[in-house]
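> just coords:
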Ligand SMILES: CC(C)(COP(=O)(O)OP(=O)(O)OC[C@H]1O[C@@H](n2cnc3c(N)ncnc32)[C@H](O)[C@@H]1OP(=O)(O)O)[C@@H](O)C(=O)NCCC(=O)NCCS
C-alpha cells in the first residue's frame, strides 16, 4: 500500500503561537540555518545539512522569529521539499534550543503544510527521531516495512546511515486537498537494506 492511500484525513495544524512569526528564508538566513541544524546534528537529533545544500534548496526553507524587546530574533527553520505531485517532505526542521516548547516547531510545520496546500499537494511526510512532536502536529507513524510511496526514500542513498536507518517516518493527509489527477508513476525506490 502506498502512503498516499493508507492514511485517513487529519485536522489542520492550528495557527502559530503569538509572538512567533514564520517567513520565507533569504540568503542572509543561511549561516543561522546551518548553525542551528549543526547544533541538533551534534546532539544526534538530525542529520547535518551542508551549506551548499541549504543554498540549493533555499526556496524550500522557512525561518521562524520570536519577538524580543530588541526586535525579532531567529528562532528556527524548516523546509518543505516536493517529492512528487502527491507528496512533499518536511526536512531540516530545527528550533533554536533556547526557544523550545514555545510553539515554534508547530508554527514551522504549519507553514510547511500551508505551502503544500498552496501547491495542491495532499500528503506531507517527515523522517525524524521526534515522533511525539509530529504526532502532536497530527501526523501518524508509519510502518517502514510496508510498501510506501517510492519517493519517501529519495534522499536515503546520500545518507550516511543508508545501511542502518533508525529514523521514523510520519505522514499527514491534508484535509480538503484533493489527490491530483493524472499523475505520472514515480520511478522505483532504492530502499535501504534491512527495511523489508
Ligand atoms: C522537535 C522540535 C522541532 C520541537 O519544537 P518546539 O518548538 O519545541 O515544539 P512546540 O513548542 O511547537 O511543541 C508542539 C507540541 O509538541 C510537543 N513536543 C515538542 N517536542 C516534543 C518531543 N520531542 N516529543 C513529544 N512531544 C513534543 C510539545 O509539548 C507541544 O505539545 P502541546 O501542543 O500539547 O503543548 C524541536 O525540539 C527540535 O528542533 N528538535 C531537534 C531537531 C528535530 O528533532 N527535528 C525534527 C525533524 S528532523
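Alright, I've got the coordinates. In this text, all values refer to a predicted model and were calculated from it rather than measured experimentally.

> the residue nearest to residue 87 when sequence neighbours are not counted: how many residues sit nearby?
Excluding the flanking residues, the one nearest residue 87 by Cβ to Cβ, 6 or more residues apart in numbering is residue 123, at 4.4 Å. All C-beta spots, glycine's among them, are computed from the backbone N, C-alpha and C. For residue 123, the tally of surrounding residues (other Cβ atoms under 10 Å) stands at 25.

> do you know how far residue 123 is from the ligand?
Distance from residue 123 to the ligand, counting by Cβ to the nearest ligand atom, to the nearest Å: 17 Å.

> biggest helix in this protein, by residue count?
Of all the segments assigned as helix in the chain under DSSP state H, the longest by residue count is helix 104-119.

> next to the ligand, which bits of this protein? Give me the list.
40, 45-46, 93-95, 100-106, 128-130, 132-133, 136 (Cβ under 6 Å from any ligand atom).

> now list the buried members of these.
Buried residues within the residues of the chain next to the ligand, defined by neighbour count using 16 or more other Cβ atoms under 10 Å: 40, 46, 93-95, 102-106, 128, 130, 133.

> how about these in TSV, adding pLDDT and distance to residue 19?
Putting those into TSV (pLDDT from 0 to 100; distance: Cβ to Cβ, whole Å) gives the following:
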residue	pLDDT	distance to residue 19
40	96	22
46	91	25
93	98	19
94	98	19
95	98	14
102	94	8
103	96	9
104	97	10
105	98	14
106	97	13
128	94	25
130	95	22
133	98	19
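
> what's opposite the residue nearest to residue 87 in the beta bridge?
With DSSP bridges applied, the residues forming beta bridges to residue 123 are residue 87, residue 173.

> was I right about residue 38 contacting residue 47?
No - contact criterion Cβ atoms under 8 Å: residue 38 and residue 47 do not qualify, at 10.5 Å.

> tell me which helix or strand the most centrally placed residue in the chain sits in.
Centroid check for the chain by Cα atoms, centre = their mean gives residue 90 as the closest residue, at 1.3 Å. Take DSSP states H and E as the rule and residue 90 turns out to sit in strand 87-95.
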